[in-house]
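**Q** What shape does this take:
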Amino acid sequence: MKRCGWWSTVVIFALLSLFFVADFAHAEKEQLNAYTIWSERYANAIFSAFTKDNGIKVNWMRFSSGEVQARLEAEKNNPQVDVVFGNMAEAFVDGVQKGLFDPYEPKGAGNIPDAFKDPKGYWTGVAIDPICFMFNTKFLKDHDLNPPTSWQDLLNPTYKGQLQMADPRTSGTGMYRLLSVIQAMGEDEAYKYEKALSQNVQVYTKSGAGGALPIARGQAAGGIFFLVDALEMQKKGYDVTISYPKEGVVAGIEAMGLVKGAKHPELAKKFLDWASTERMQKLYEENDINLIPSNPNVPVFDPALDISKIKVLPLDVEWAGKNRDRLVERWLNEVLQ
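**A** Sure, this is the predicted structure:
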């Protein structure tokens, strides 16, 4: 009886060992790889919640919008990630025509308006974010200036060498500044404006938020940002003023999609399904993420995110994406040269 009991114990331990080894191997395989343009705080909140809900670890890396595109193009024949989360919709359109994404309509996409998703499922919008002006309040007071309320206000000689702007070659913010002035003025006039504006630019930053902190600290007067980055400065206690041009701005659609040739397509689809739900977009309020939900069933939690009183210009996302490279090249040749 003792020998039988001893052997039973050995068998049980052996079976348990096999179970834990198999479970560990399964856990090791259950890992998703992602690129995002969201800030570390925002991205960590989203990906950690997904892991908590689904038990799937997410290995993610953050880059600017243009850097994400460049990496996807360089890795096209050997994709290093499965999903892109939070990049601009026009960047997805650009990527689709370059063969960087596969179509997939997430299970929760039915609740997201058609204006915020691709009809073929190549990208699904998760947030809305308008362009705005952000200026150091002390600079405005010291120079007896009101917050700018027109694109033309930024050409004031007082701002010479005092503005920080994002570079559209690498930044979604820079691209949407350019799209905003194109929609407000027409393409040819927009480039003339950008050339005039460049006389007041201190530096073009690689990332969209790159100039936010220097402006907040008084190292520059102001700049053009996505609202998410301007609000982040205010909530950190910096005295900055947010305003909008009366001629209007474009609101960016921050989206997600399945990378073509993803090594873990089923995990990617599981993430996209989860990220299209109200559960995910309610995380914005829970984690003080300053973005407007794309799902109308999720309420805006901060009055500062209510854009009903500003002029939001319509944007043909398909046109913007398909002309992205041409518009950037024209900016490089006509504004920086």
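
**Q** and Tyr49, how many neighbours does it have?
**A** Wrong residue type there; residue 49 is Ala, not Tyr. By other Cβ atoms under 10 Å, 18 other residues sit near Ala49. From N, CA and C alone the C-beta is placed, and that goes for glycine too.

**Q** so who does it touch?
**A** Counting by Cβ atoms under 8 Å, 6 or more residues apart in numbering, Ala49 touches Met280, Leu283.

**Q** following the host helix or strand of it, which helix or strand comes up?
**A** Assigned by DSSP states H and E, Ala49 belongs to helix 40-54. Sequence-wise, the next helix or strand downstream of helix 40-54 (DSSP H and E) is strand 57-62.

**Q** Surely Asn77 is in a helix?
**A** No - applying DSSP: H, G, I helix; E, B strand; the rest coil, one finds Asn77 to be coil, outside a helix.

**Q** picking that back up, mind listing what's buried in the helix holding Ala49?
**A** For helix 40-54, burial by neighbour count (16 or more other Cβ atoms under 10 Å) applies to Tyr42, Ala43, Asn44, Ala45, Ile46, Phe47, Ala49, Phe50, Asn54.

**Q** cool, and stretch 72-90?
**A** Neighbour-count burial for stretch 72-90 flags Leu72, Pro79, Val81, Asp82, Val83, Val84, Phe85, Gly86, Asn87, Met88, Ala89, Glu90 (criterion: 16+ other Cβ under 10 Å).

**Q** wait, isn't the fifth one in contact with Ala255?
**A** Which is Val83. No - taking contacts as Cβ atoms under 8 Å, Val83 lies outside contact range of Ala255: 10.9 Å.

**Q** and Leu291, what does it touch?
**A** Tyr42, Ala127, Ile128, Asp129, Val228, Glu254, Tyr284, Leu305.

**Q** Leaving out the residues flanking it, which one is nearest to it?
**A** Excluding its sequence neighbours, the residue lying closest to Leu291 (Cβ to Cβ, 6 or more residues apart in numbering) is Ala127, at 3.9 Å.

**Q** My read is that the one you found contacts Asn290, right?
**A** No - Ala127 is beyond contact range of Asn290, at 9.6 Å (criterion: Cβ under 8 Å).

**Q** and for those two, which residues touch both?
**A** Joint contacts of Ala127 and Asn290 (Cβ under 8 Å, 6+ apart) are Tyr284.
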